[in-house]
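J.: structure for this input, please:
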Amino acid sequence: MNVVARYFAENFRRWVHSAMPRLHGRHQIRLGAVTHHGLIEEAVVKFVRYSDLGPQKGITYTRVHLRRLIKAGRFPIPRQLSAGRIGFVEEEIDEWIASRPPVLGVAA
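T.: Just a heads-up that it's a prediction; the model follows:
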C-alpha cells in the first residue's frame, strides 16, 4: 500500500462522518485531501455490498456469521454509505482474502 493510499485508509472514517464526500459511480467514493505541500490528491475507494460478496469475491458467509466475525475482529468492518446501505471497502476485503490460509488439496 503506497503512502497516499495508507493516508486515505487511516483517515477514511473521519472524512465520511465529518463531510459529505462526492459520490461517483454506484459503489465508489472519491475523496480529496490537501497535502502539506498544498497539492490536492484524490483516491477512489470502492465498496462491495453484502449481496456482491459471494458473486464477486467468493465469500458465501451468512449475514449472521459475518456479524460474528466482525464483532470478533476477524473480518473487515462495513462502512455506512447511506441511511439504509452498508458496504465493505474492497481493498480491505481483498487483503482479508489474501490473508486466509490456502485450502488443502486445491491447486493455486
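J.: buried ones in stretch 47-66, by neighbour count?
T.: Residues Phe47, Val48, Tyr50, Asp52, Leu53, Ile59, Leu66 are the ones in stretch 47-66 that count as buried (16 or more other C-beta atoms under 10 Å). (C-beta placed from N, C-alpha, C; glycine too.)
J.: what's the second one sitting at in phi/psi?
T.: The one in question is Val48. In this entry, Val48 is assigned phi and psi values of phi -120, psi 120 (degrees, to the nearest 10).
J.: does it really touch Lys57, like I thought?
T.: Yes: with contact defined as C-beta atoms under 8 Å, Val48 and Lys57 form a contacting pair (6.5 Å).
J.: which neighbours do those two share?
T.: Taking C-beta atoms under 8 Å, 6 or more residues apart in numbering as the contact rule, Val48 and Lys57 both touch Ile93.
J.: surely Arg85 is in contact with Arg49?
T.: Yes: assessed by C-beta under 8 Å, Arg85 is found in contact with Arg49 at 7.3 Å.
J.: circling back to that earlier point, which members of the buried residues of stretch 47-66 occur in strands, if any?
T.: Counting by DSSP state E, the part of these found in strands is Phe47, Val48.
J.: so what's Leu66 up against?
T.: Here Leu66 is in contact with Tyr50, Phe75 (C-beta under 8 Å, 6+ apart).
J.: do Glu92 as well
T.: Counted by C-beta under 8 Å, 6+ apart, Glu92 has contacts Pro76.
J.: can you name the residues bridging to Lys46?
T.: Following DSSP bridges, Lys46 is listed with bridge partners Gln28.
J.: go ahead and confirm it touches Phe88.
T.: No: Lys46 lies out of contact with Phe88 (C-beta under 8 Å); the separation is 9.8 Å.
J.: distance of Ser82 relative to Arg49?
T.: Taking C-beta to C-beta, to the nearest Å as the measure, Ser82 and Arg49 are separated by 12 Å.
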